[in-house]
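Novice: Need coordinates for the following:
(chains A and B)
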Amino acid sequence: EDQVTQSPEALRLQEGESSSLNCSYTVSGLRGLFWYRQDPGKGPEFLFTLYSAGEEKEKERLKATLTKKESFLHITAPKPEDSATYLCAVQADSSASKIIFGSGTRLSIRP
Amino acid sequence: NAGVTQTPKFQVLKTGQSMTLQCAQDMNHNSMYWYRQDPGMGLRLIYYSASEGTTDKGEVPNGYNVSRLNKREFSLRLESAAPSQTSVYFCATNRRGTENTIYFGEGSWLTVV
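Specialist: Have a look, this model is predicted:
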């Protein structure tokens, strides 16, 4: 069964304190792994798509990496405005029309 | 979230009432989805439509029906609402093919009392 697990559930950091969020997955064949940011009361906002192991993508203070079993979202020197829930999702070969989401990591950055 | 519009934004229903959530997209995407989001459960797929004229069940389809009216519109209907259907509902779209990014609407907050 295709599955996505995110850890930790919640993370509190001091402004400027770098860290990483984890997304581990088991799928029959990965077509794509997605990262989203979700602010309270809003829909998920697209951040990155990764397609193959070894791929990396960056956007401002965020960098996403992918291996054959997991993805990391690295946050470098975060600011309070980076506080949000970060969602990971995978699209598997076995279900090309379905995208499976993890339960998310709630990130809080203290000034 | 420009491009995917959901209505209504908020709705309160009594148990047993019916209602339809509307979704429209102007991104010319083939696939459309309905998700529900509950605390600690993440986003769970209710129904999806890979293309105009087709619909398929997702992970949690019971108690819901959908209609893919045309390429732009995908509606979700609750025939007899139950308190367990209290949730936030998101419509989403993607183009399929080389770029699989899924784009979400702003969400519809539904409370069933």
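
Novice: any idea how far the residue most central in space within chain B lies from chain A?
Specialist: The C-alpha lying nearest the average C-alpha coordinate of chain B belongs to residue B:34 (Cα atoms, centre = their mean; 2.7 Å). As judged by Cβ to the nearest Cβ, to the nearest Å, residue B:34 and chain A stand 12 Å apart. Heads up, the C-betas are built off the backbone N, CA and C, glycines and all.

Novice: Report the beta-bridge partners for that residue.
Specialist: Beta-bridge partners for residue B:34, by DSSP bridges, are residue B:47, residue B:91.

Novice: residues contacting it?
Specialist: B:21, B:23, B:45-48, B:58, B:64, B:66, B:74, B:76, B:89-92 (Cβ atoms under 8 Å, 6 or more residues apart in numbering or on different chains).

Novice: and if you look at residue A:47?
Specialist: Here residue A:47 is in contact with A:34-37, A:59, A:62, A:64, A:73, A:86 (criterion: Cβ under 8 Å, 6+ apart).

Novice: which non-adjacent residue is nearest it?
Specialist: Of all residues not flanking residue A:47 in the chain, residue A:35 sits nearest, at 4.4 Å (Cβ to Cβ, 6 or more residues apart in numbering or on different chains).

Novice: Rounded mean pLDDT for stretch B:7-14, please.
Specialist: What stretch B:7-14 shows for mean pLDDT is 97.

Novice: Tell me the buried residues in that stretch?
Specialist: Across stretch B:7-14, burial judged by 16 or more other Cβ atoms under 10 Å in any protein chain shown covers B:11, B:13.

Novice: got the contact list for that stretch?
Specialist: B:19, B:21-22, B:78, B:81, B:106-113.

Novice: Please go through the residues you listed and note which also touch chain A.
Specialist: B:106-107 (Cβ under 8 Å from any Cβ of the partner chain).

Novice: what about the helix or strand of chain A at the bottom of the mean pLDDT ranking, near chain B?
Specialist: When each helix and strand of chain A is scored by mean pLDDT, DSSP states H and E, strand A:99-101 comes last, with a mean of 87. Yes. Residues of strand A:99-101 are located near chain B by Cβ under 8 Å from any Cβ, namely A:99-101.

Novice: quick one: average confidence on the strand or helix carrying residue A:90?
Specialist: Using DSSP states H and E, residue A:90 maps to strand A:84-92. Per-residue pLDDT values over strand A:84-92 give a mean of 93.

Novice: circling back to that earlier point, among the residues of strand A:99-101 next to chain B, which one has the most neighbours?
Specialist: residue A:99 (27 neighbours; other Cβ atoms under 10 Å in any protein chain shown).

Novice: Provide the partner residues of it in its beta bridges.
Specialist: Counting by DSSP bridges, the residues bridging with residue A:99 are residue A:91.

Novice: Please apply the same query to residue B:22.
Specialist: residue B:7.

Novice: Write out the residues of chain B neighbouring chain A.
Specialist: Residues of chain B lying near chain A (Cβ under 8 Å from any Cβ): B:1, B:4, B:31, B:33, B:35, B:40-45, B:48, B:50, B:56, B:58, B:90, B:94, B:96, B:99-107.

Novice: hmm, 6 Å instead?
Specialist: Neighbours of chain A within chain B, by Cβ under 6 Å from any Cβ of the partner chain: B:1, B:42-43, B:48, B:50, B:90, B:100-102, B:104-107.

Novice: Those residues in helices, which ones?
Specialist: Among the residues of chain B next to chain A, no member falls in helices (DSSP state H).
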